[in-house]
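Q: kindly return the folded structure for what I paste below:
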Amino acid sequence: MSDTQQGFRWQFTDNWCTRAARDIVKLRHFADGHLHTGDCIEWSEKLPEDEKYRAFRREMLLSGRPYLDTPGNHDLTTYNPDAPRRIRSANEWAAEVPGRSIANQEMVLGDVVVLGISPHYWRYIDKLSIDGKQEGNYDEPDPLSPDILTWLDSKLTEHSSKRVWFASHALPATQFSDKPMNSGNIRDWAQIENLVSGHQNLAGWFSGHWHIDAADKRSIRSILVGGRRIHGVNAPSSAGLFPNIDYGPHQWTRYAGSLYVTDMGDDIEVRWRNHLSARWERPFGEYVKIYSTR
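A: Next up is the predicted model:
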């Protein structure tokens with residue numbers, strides 16, 4: 001799983017994207033499927049960098065493995081305050097992605113199923129910065145609509161004998177208690193907890209948005225959802241944006257990394273890959289780390 005955020009703002013170049021994709025393809029025998037938890041592009045230009053992501057995705061699909069991507073706020077809403085305001089729905093985004101049709105889709109990997117979740121919209125608001133200049137920022141994502149909740153319920157029922165993971169750009173409310181942003185949690189949490197409490201097969205939740213440093217210990221932890229203790233895994237960012245935000249080249253821009261996650265039941269096994277250097281990393285001093293919900 002990864003978070004590439006392709007675009008000029010974080011200086012994550014086309015060449016780096018190609019190198020990262022080729023390294024992922026080279027490691028295809030180490031993965032049953034690939035997951036991207038949103039912010040596939042930066043959309044800081046007047047037109048979105050969609051073609052950059054399409055090129056990355058086409059390269060990725062050469063692995064022959066399933067690939068599930070979920071749109072993030074940068075994919076759905078213009079970030080650049082100087083660009084014309086552009087908003088598109090998650091399904092409008094998916095319609096422009098090769099091999100996709102609608103935003104909320106599943107990826108079946110044997111006994112494990114990943115359900116990609118996105119609200120229909122993630123809106124944009126204008127605000128004044130401290131120096132009085134007009135700036136933009138992201139509002140909360142829209143609540144999950146009744147049709148999305150019904151779809152999740154039906155999929156949890158359909159795959160009752162499998163281990164199901166949710167995957168979304170927005171964060172489960174229990175992933176971080178001290179996140180630096182004032183938005184980003186998936187909504188409506190009470191309805192999600194009620195839905196999950198009626199099933200026994202939710203195993204974990206992959207998320208994005210926080211653009212966290214891969215060495216931040218809060219990125220992978222056990223979380224409580226609907227009375228169930230599950231794995232909460234937040235994707236490492238290509239930019240390593242938080243907690244050391246400086247709007248310049250970041251230490252993890254060189255990283256362009258993915259997590260390789262193996263579901264072993266109560267435990268998951270995690271490896272960190274640096275696709276630009278084509279090496280396995282040790283952000284916590286070891287190449288392989290086991291996390292448990294027990």
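Q: can you pull out the strands in the stretch 101-250 of the chain?
A: 106-109, 112-117, 122-128, 134-141, 163-168, 202-212, 220-225, 228-236 (DSSP state E, counting those that start in this stretch).
Q: out of the ones you listed, nearest to Asp39?
A: Ranking the strands of the stretch 101-250 of the chain by proximity to Asp39 (CB to CB) places strand 202-212 first, at 6.2 Å. In short, each C-beta sits where N, CA and C put it, glycine included.
Q: and the angle for the closest one with strand 163-168?
A: Using axes from the mean of the first three to the mean of the last three CA atoms, to 10 degrees, the inter-axis angle of strand 202-212 relative to strand 163-168 is 30 degrees.
Q: where's strand 202-212 relative to the chain centroid, distance-wise?
A: With CA atoms, centre = their mean, to the nearest Å as the basis, strand 202-212 stands 6 Å off its chain's centre.
Q: what helices or strands is it leaning on?
A: Judged by 3 or more CB pairs under 8 Å, 6 or more residues apart in numbering; DSSP states H and E, the packing partners of strand 202-212 are strand 163-168, strand 220-225, strand 228-236.
Q: turn those into a markdown table, including mean neighbour count, mean pLDDT and distance to Cys17.
A: Converted to a markdown table, the helices and strands packed on strand 202-212 look like this (neighbours: other CB atoms under 10 Å; pLDDT from 0 to 100; distance: least, CB to CB, whole Å):
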| stretch | mean neighbour count | mean pLDDT | distance to Cys17 |
| --- | --- | --- | --- |
| strand 163-168 | 24 | 98 | 21 |
| strand 220-225 | 18 | 94 | 25 |
| strand 228-236 | 23 | 92 | 16 |
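Q: gap between the nearest residue to Asp153 once chain neighbours are set aside and Ser222?
A: Spatial nearest neighbour of Asp153, excluding adjacent residues (CB to CB, 6 or more residues apart in numbering): Leu195 at 5.6 Å. Separation of Leu195 from Ser222 (CB to CB, to the nearest Å): 20 Å.
Q: same question, Arg22
A: The value you get for Arg22 to Ser222, if CB to CB is used, is 34 Å.
Q: count the neighbours of the residue nearest to Asp153 for me.
A: Using other CB atoms under 10 Å, Leu195 is surrounded by 18 other residues.
Q: check what pLDDT it gets.
A: pLDDT, Leu195: 97.
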